[in-house]
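Asks: what shape does this take:
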Amino acid sequence: MSNELEHIHCLIIGSGPAGYTAAIYAARADLKPVMYTGLQPGGQLTTTTEVENFPGYPDGTHGPEMMEDFKKQAERFGAEVRFGIVTAVDFSSLPHKVTLDDGKQVTADAVIISTGASAKWLGLPSEEKYNGFGVSACAVCDGFFFRKQDVAIVGAGDTAAEEATYLSKLCNKVYMIVRKGEMRASKAMQHRVMNTPNIEVLFHSETKEILGDGQNVTGALIKNNETGTETTINVTGFFVAIGHKPNTDVFKGWIDMDENGYIITKPGSTKTNVEGVFAAGDVQDHIYRQAVTAAGSGCMAALDAERYIATKEHSSIYVEELSN
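Replies: Okay, here's the model as predicted:
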């Protein structure tokens, strides 16, 4: 059995809209991309039931089905999609070296990181039970389904305040559940929340349980930590906005990141601080976090990788001609 490392022209780490779009563009550019999907093939969208805001699906679709469509399109152009998890990287020299969970190592001329970010959850069993059936971590994605209904959102930062305000335009009533006696959001965002008539902020409160009828959310049990009293609020939607964690642990020490672990890319590109390594999607975007923006940056990463590889190959040919 040969110990020779498998060499890959363009390696894509992580699936989802960013990874699959990068694979489509890279395959059409004849970069022969190989994708390792990660633990959750298709990414966060595979936990989403209905998707109605992605262009090209006039009647809407389901997250898992959409990701399967992306995968088929990438494979149609020759991308190779493999199930596997990257456990270590070595970006100290070219080509880059990557280790998989089965112990296999591969090298790559260009690497596109599209490992996404994972929503932080409260950790309640009922939260997991009703995820996609009233429980959501994205108000912009799913708020539309709760028009003229009563909903709750957990969180105290700018994102929670922004999403509460967004929901207030669609929903009849929005309960904002804040654990402490004050919000962490900026003063401007706090004023916006407090001046929105149909948002009720429940301070000193935490969610004890999300209630449902076995199929969908019907309410939430809220405890006031000051008085100890428990109250049931009747809501059909329950949004969690306590932050996201980018899936970047394996790249720490190699790739420049911000204080929250999001990969820093050079303005106007998907280039990282490491030559030949690019980042796309939620792994480097903590602002928009939408499927369509992730797909757009996946396209950018593939184009950046194509240009990088073409430049390297041209330089190699030039050096070879000089030496002859």
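Asks: give me phi/psi at the nearest residue to Lys97 once chain neighbours are set aside?
Replies: Once flanking residues are discounted, Lys97 sits nearest to Asp90: 4.1 Å by CB to CB, 6 or more residues apart in numbering. Using the backbone N, CA and C atoms, a C-beta is placed for each residue, glycine as well. Asp90 adopts backbone torsions of phi -130, psi 100, taken as degrees, to the nearest 10.
Asks: Asp90 and Ala108 touch, don't they?
Replies: No: taking CB atoms under 8 Å as the definition, Asp90 is not a contact partner of Ala108, at 11.0 Å.
Asks: between those two, which contacts overlap?
Replies: Counting by CB atoms under 8 Å, 6 or more residues apart in numbering, the residues touching both Asp90 and Ala108 are 96, 98.
Asks: ok, those two, which is more surrounded?
Replies: Ala108 (25 against 12; other CB atoms under 10 Å).
Asks: these two touch, right, that one and Ile12?
Replies: No: using CB under 8 Å, Ala108 is not in contact with Ile12, being 9.3 Å away.
Asks: what's the distance between Lys271 and Phe251?
Replies: Applying CB to CB, to the nearest Å, the value for Lys271 to Phe251 is 14 Å.
Asks: the more surrounded of these two?
Replies: Between Lys271 and Phe251, counting by other CB under 10 Å, Phe251 is the more crowded of the two (26 against 19).
Asks: residues touching the more buried one, list them.
Replies: 89, 113, 257, 263.
Asks: quick one: which of these is most hemmed in?
Replies: For the contacts of Phe251, the largest neighbour count, defined by other CB under 10 Å, is 32 neighbours, found at Ile113.
Asks: ok, that one to Val250 distance?
Replies: According to CB to CB, Ile113 stands 9 Å off from Val250.
Asks: ok, His286 next?
Replies: Distance of His286 to Val250, given as CB to CB: 18 Å.
Asks: Pro267: which element?
Replies: Assigned by DSSP states H and E, Pro267 falls within no helix or strand.
Asks: what's near enough to touch it?
Replies: By CB under 8 Å, 6+ apart, the contact set of Pro267 is empty.
Asks: now swap in the one 5 residues further on and tell me
Replies: Under the criterion of CB under 8 Å, 6+ apart, the neighbours of Thr272 are 113, 255-256, 263-266, 278-279.
Asks: change it to 6 Å
Replies: 255, 279 (CB atoms under 6 Å, 6 or more residues apart in numbering).
Asks: which non-adjacent residue is nearest Thr229?
Replies: Spatially, and ignoring its direct neighbours in sequence, Thr229 is nearest to Lys223 (7.3 Å; CB to CB, 6+ apart).
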